[in-house]
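Trainee: please find the sequence and the predicted model below.
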Amino acid sequence: MHRRKTAPLLLLALLLTLSACGRPTLPFLTGGVDVQAEAARLANAQLGQLADRLTTEERGRILFLLEQLVPLRQARAQANRWELSPQEEDLVAQLNQLYQDLTQRYLEEPEEPEGEEEPPTLAQYEIGADGTLIPDKSDKAEYRTLWDKVNALLPQGSLKPFTRFTIFTDGEADILAYVVPADDEGARWELAVDPEDADDPVEFTETVYHEYAHYLTLNNHQVSYGVPKRYDCYGENDMTSNPDSYLNAFYQRFWKDYLDDRLADPESDSFYLRHEDDFITSYAATDPTEDIAESFSYFVLYDKPQGTAVWEQKQSFFYDYPELVAFRDQARARLGL
């Protein structure tokens, strides 16, 4: 884990002065935004389960940094710029270090996961236009059975955009399956499955819908690859979501207020500990793409939740899209649900 820079001495002196003298009582405005009110809102969103545990001094330190960050964030929004400025990066790093320290102080810190190696490929099939598998020299009947198992879980024709089927293994009880684009635009896709992890029907089913959700939310109709990022659309690596995409709507509703905190130290589990009530699983807290995929899997497999918790809102998010409700109905019919 990379250690983040702590606040410089001048900033610490200012913080001590604020805690001794009290915070200003009059709000200040930037671009029509009440900076203090916005900072307080962001603090509650980012602190999660820490919000009610902090001392007045600890919360004041966070608000002080956020009140510097809000005007920079507004300027970036007006410029429609996704990337943080160096000053924003420094403030976010300082905030994240505070969040990390406070999480370790007030919440239990789980062990960090070990690093992963690239799993070896056992066989690879090209997929014909009619959905038939064109084998390489490593063709086996058990591998074709895995393809049939995936097909049986999805509505008819769902796998037409997939042009490659890969069999790999990284050993038992690790990665079960993954999907990745097979071209630069995200129009054609590859599906990979580990036969050593495919025996548990519940886990296999959940994983298939999770991975198919990645295709649904990251294909060339939903996102653009290799284009400049923009402030008003979620992006990562070389991908930018389209304004009207599932992923961008999900990000705007559930992630916008605390994405910077998540990205400041993505290897840490402290973010999940602060916000575990927001996520269906701990893996969903990885980033918006994994969160929407986990939520979609539960949307397909389980009844619509009746509560108002954030994780329940995420599972219910997909009911706003008739085409996804139709997918759910057809998939559940295949499962006999």
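Mentor: Sure thing, it's come through.
Trainee: show me where the stretch 201-337 of the chain has its helices.
Mentor: Secondary structure of the stretch 201-337 of the chain, counting by DSSP state H, counting those that start in this stretch: helices at 201-218, 246-254, 259-264, 270-275, 288-301, 310-316, 322-335.
Trainee: to clarify, my last question referred to the stretch 1-150 of the chain.
Mentor: Assigned by DSSP H, counting those that start in this stretch, the stretch 1-150 of the chain shows helices spanning 9-21, 35-47, 56-78, 86-106, 141-153.
Trainee: residue 189 contacts residue 212, correct?
Mentor: No - taking contacts as C-beta atoms under 8 Å, residue 189 lies outside contact range of residue 212: 9.7 Å. Just so you know, the C-beta spots here come from the backbone N, C-alpha and C atoms, and that holds for glycine as well.
Trainee: and the helices of the stretch 1-150 of the chain as CSV, adding mean pLDDT and distance to residue 334?
Mentor: Shown next, in CSV, are these (pLDDT from 0 to 100; distance: least, C-beta to C-beta, whole Å):
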stretch, mean pLDDT, distance to residue 334
helix 9-21, 39, 58
helix 35-47, 94, 39
helix 56-78, 93, 44
helix 86-106, 90, 42
helix 141-153, 95, 6
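Trainee: quick revisit: please identify the most buried of the helices of the stretch 201-337 of the chain.
Mentor: helix 288-301 (a mean of 23; mean count of other C-beta atoms under 10 Å).
Trainee: CA-only coordinates of that helix in CSV, if you can.
Mentor: This file holds the C-alpha atoms of helix 288-301, laid out as CSV (Å, rounded to 0.1, in the frame of the first residue of the first chain):
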residue,chain,number,x,y,z
PRO,A,288,-18.9,1.5,-9.8
THR,A,289,-18.4,-1.2,-12.5
GLU,A,290,-18.2,-4.0,-9.9
ASP,A,291,-21.0,-2.5,-7.9
ILE,A,292,-23.5,-2.3,-10.7
ALA,A,293,-22.6,-5.9,-11.8
GLU,A,294,-23.1,-7.3,-8.3
SER,A,295,-26.4,-5.4,-8.0
PHE,A,296,-27.6,-6.7,-11.4
SER,A,297,-26.9,-10.3,-10.4
TYR,A,298,-29.1,-9.8,-7.3
PHE,A,299,-31.7,-8.0,-9.4
VAL,A,300,-32.1,-11.0,-11.6
LEU,A,301,-32.0,-13.7,-8.9
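Trainee: sorry, back to before: give me the common contacts of residue 189 and residue 212.
Mentor: Common neighbours of residue 189 and residue 212, using C-beta atoms under 8 Å, 6 or more residues apart in numbering, are residue 179.
Trainee: in what helix or strand does residue 180 lie?
Mentor: Assigned by DSSP states H and E, residue 180 falls within strand 177-181.
Trainee: hang on, the earlier thing: now the helices of the stretch 1-150 of the chain in a markdown table, with mean neighbour count and distance to residue 173?
Mentor: What follows is those, written out as a markdown table (neighbours: other C-beta atoms under 10 Å; distance: least, C-beta to C-beta, whole Å):
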| stretch | mean neighbour count | distance to residue 173 |
| --- | --- | --- |
| helix 9-21 | 12 | 46 |
| helix 35-47 | 18 | 34 |
| helix 56-78 | 18 | 39 |
| helix 86-106 | 18 | 28 |
| helix 141-153 | 15 | 17 |
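Trainee: wait, which of those helices is closest to residue 337?
Mentor: If you check each of those against residue 337 by C-beta to C-beta, helix 141-153 wins as the nearest, at 11.5 Å.
Trainee: which residues does that closest one contact?
Mentor: With C-beta under 8 Å, 6+ apart as the criterion, helix 141-153 contacts 122-123, 125, 131, 133, 159, 165, 167, 191, 193, 195, 198, 204-205, 208-209, 331, 334-335.
Trainee: related to what we said a few turns ago, how about the helices of the stretch 1-150 of the chain, which one is nearest residue 217?
Mentor: Across the helices of the stretch 1-150 of the chain, closest to residue 217 is helix 141-153 (C-beta to C-beta), at 17.9 Å.
Trainee: run the chain-centre distance for the closest one.
Mentor: Relative to its parent chain, helix 141-153 has a centroid offset of 28 Å by C-alpha atoms, centre = their mean, to the nearest Å.
Trainee: before we move on, the earlier item: turn the helices of the stretch 201-337 of the chain into a markdown table, columns for mean pLDDT.
Mentor: Converted to a markdown table, the helices of the stretch 201-337 of the chain look like this (pLDDT from 0 to 100):
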| stretch | mean pLDDT |
| --- | --- |
| helix 201-218 | 97 |
| helix 246-254 | 98 |
| helix 259-264 | 90 |
| helix 270-275 | 94 |
| helix 288-301 | 98 |
| helix 310-316 | 98 |
| helix 322-335 | 98 |
